[in-house]
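Undergrad: When you get a sec, could you give me coordinates for this:
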Amino acid sequence: MRWPAASAVAVAGALVLTGCGGSEGSGSGDGRAKLSVDSAYMPQPVSDMAAGFLTITNDGDAADRLTSVSSDAAGQVTVHETVDGAMQEVEALEIPAHGSLVLESGGNHLMFEQLRHRPKQGQNVSVQLHFDRSDPVTVEIPVKPATYVPKTGH
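TA: Numbers count the residues shown, from 1 in each chain. Okay, here's the model as predicted:
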């Protein structure tokens with residue numbers, strides 16, 4: 001790989017992880033969830049609604065639940081699950097100990113309703129993820145083309 005390409009990959013990776021973090025848990029063996037977020041993106045919206053996708057990984061010894069999401073970009077952000085092709089709003093989604101919660105196109109996802117403005121490709125949308133047991137995590141979600149399909153992570 002040439003150096004400019006390697007630099008671009010490193011910068012892109014850093015942008016995706018900007019604002020990603022975990023709970024204050026001290027690590028394995030302490031009986032707590034230890035959360036991190038990656039692979040976040042939002043396809044550029046074409047209406048006053050948008051979807052958000054990401055992966056929450058729990059390296060801790062206790063399960064947790066994603067209970068809500070907030071963002072200044074939308075009047076409301078809801079958590080949806082998809083069962084047999086039908087989406088429905090849910091109160092929470094489980095994040096198993098030593099496991100992941102994957103929010104992906106065609107599956108569980110975030111719904112941004114009543115967008116205050118339509119974010120454009122290249123911009124970021126800041127969200128705060130709220131959990132049952134862990135501290136909130138702020139994530140900067142990059143806006144991708146409306147037709148974006150991730151190559152990895154989902």
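
Undergrad: Report the beta-bridge partners for the residue nearest in space to the middle of the chain.
TA: Among the residues of the chain, the one closest to the centroid is Leu54, at 3.2 Å (C-alpha atoms, centre = their mean). Listed by DSSP bridges, the beta-bridge partners for Leu54 are Leu103.

Undergrad: That one contacts Met42, correct?
TA: No: judged on C-beta atoms under 8 Å, Leu54 makes no contact with Met42 at a distance of 9.3 Å. C-beta coordinates here come from the backbone N, C-alpha and C atoms, glycine included.

Undergrad: Tell me where the protein has helices.
TA: Per DSSP state H, the chain carries helices over the ranges 3-17.

Undergrad: lowest confidence element among the helices and strands of it?
TA: Lowest by mean pLDDT, DSSP states H and E among the helices and strands of the chain is helix 3-17, with a mean of 37.

Undergrad: Okay, now the unreliable bits of the protein?
TA: 1-29, 152-154 (pLDDT under 70).

Undergrad: Would you mind confirming that Val90 is in contact with Thr82?
TA: No: the pair Val90 / Thr82 is not scored as a contact, 10.2 Å apart, by C-beta under 8 Å.

Undergrad: about what we covered before: quick one, what contacts the residue nearest to the centre of the chain?
TA: By C-beta atoms under 8 Å, 6 or more residues apart in numbering, Leu54 lies in contact with 37-41, 103, 110, 139, 141.

Undergrad: which residues in the chain form strands?
TA: Ranges of strands in the chain, per DSSP state E, are 35-43, 50-58, 64-70, 74-83, 86-89, 93-95, 99-103, 109-115, 124-131, 137-144.

Undergrad: what lines up beside the third one in the sheet?
TA: Within its sheet, strand 64-70 is paired with strand 93-95 (antiparallel), strand 124-131 (antiparallel), according to DSSP bridges.

Undergrad: what angle sits between the last one and strand 137-144?
TA: Okay, so that is strand 124-131. Interaxial angle, strand 124-131 versus strand 137-144 (axes from the mean of the first three to the mean of the last three C-alpha atoms, to 10 degrees): 140 degrees.
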